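>>> let me see the structure of the following:
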Amino acid sequence: MDIFAHAIWTSIAAKELNEKRLKEKRNRISIYWSAFWGIFPDLFAFSIPFALFIAGLQNGVSFKIQFHEHGGPGELANILYHYSHSLVIFALVFVLVWLYYKRPRLELLGWMLHILIDIPTHSLKFYPTPFLWPISNYHFPYGVPWSEPWFMLINYSVLLCVLTLTIYRNRISAKF
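Prediction:
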């Protein structure tokens, strides 16, 4: 799924979780940090190689050398993609952060939601989600490419409906 949809879905999920936590008189979670963690897997996998590529160009390393002799940014992106799109790696980081802060940092669940959304929205032909890596190299074989126009239309239509319902519900509850 595209990075904007990930940010919006994660923000909606965080807002809904906050509604539930408010009723239970529990601390709210940051919608902004949840959205950040919702886009983190793609930022990590693609921004680092892109920045290194640009830095190489600025330092006089030619396009040809970067791609033909060093594999280019795509090779590094593939490696980082495995780390950032693995539920196993996510679980390990989540537990380590929980131990460090002595409480779960629920904003990190945006990362997990990103992976769960990517599993059925990536085909085997373009960045299939390695959600069980490093335990298994299994990829969901029936993924629908998120870049298909019909899928994007449905996705953003559903997002618009969910956002509209959320705003409407908040206005109704604010009156009472």
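
>>> CA only for contacts and neighbour counts going forward, please
OK.

>>> low-confidence ranges, this protein, go.
63-64, 66-72, 174-176 (pLDDT under 70).

>>> let's see it at 50
By pLDDT under 50, the chain contains no weakly predicted segment.

>>> all the strands of it, residue numbers only.
Per DSSP state E, the chain has no strands. Nothing in it meets that criterion.

>>> the biggest helix by length in the chain: which residues count as buried?
Counting by DSSP state H, the longest helix found in the chain is helix 149-175. Using 16 or more other Cα atoms under 10 Å as the burial criterion, the residues of helix 149-175 that qualify are Met152, Asn155, Leu159.

>>> next up, the contacts around the last one.
Just to be clear, that refers to Leu159. Taking Cα atoms under 8 Å, 6 or more residues apart in numbering, we find Leu159 in contact with Ile8, Trp9.

>>> please apply the same query to the first one.
Met152 makes contact with Trp146, according to Cα under 8 Å, 6+ apart.

>>> any idea how far Phe140 is from it?
20 Å (Cα to Cα, to the nearest Å).

>>> cool, the last one as well?
Using Cα to Cα, one gets 24 Å for the distance from Leu159 to Phe140.

>>> for this structure, which segments count as helices?
Taking DSSP H as the criterion, the chain carries its helices at 3-23, 31-42, 48-58, 63-64, 72-84, 87-101, 109-118, 149-175.

>>> can I get those in JSON lines with distance to Lys125?
As requested, the helices of the chain are exported to JSON lines (distance: least, Cα to Cα, whole Å):
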{"stretch": "helix 3-23", "distance to Lys125": "19"}
{"stretch": "helix 31-42", "distance to Lys125": "17"}
{"stretch": "helix 48-58", "distance to Lys125": "21"}
{"stretch": "helix 63-64", "distance to Lys125": "25"}
{"stretch": "helix 72-84", "distance to Lys125": "13"}
{"stretch": "helix 87-101", "distance to Lys125": "21"}
{"stretch": "helix 109-118", "distance to Lys125": "13"}
{"stretch": "helix 149-175", "distance to Lys125": "16"}
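
>>> for Phe131, which of those helices is the nearest?
Of all the helices of the chain, helix 87-101 sits nearest to Phe131, with 5.2 Å by Cα to Cα.
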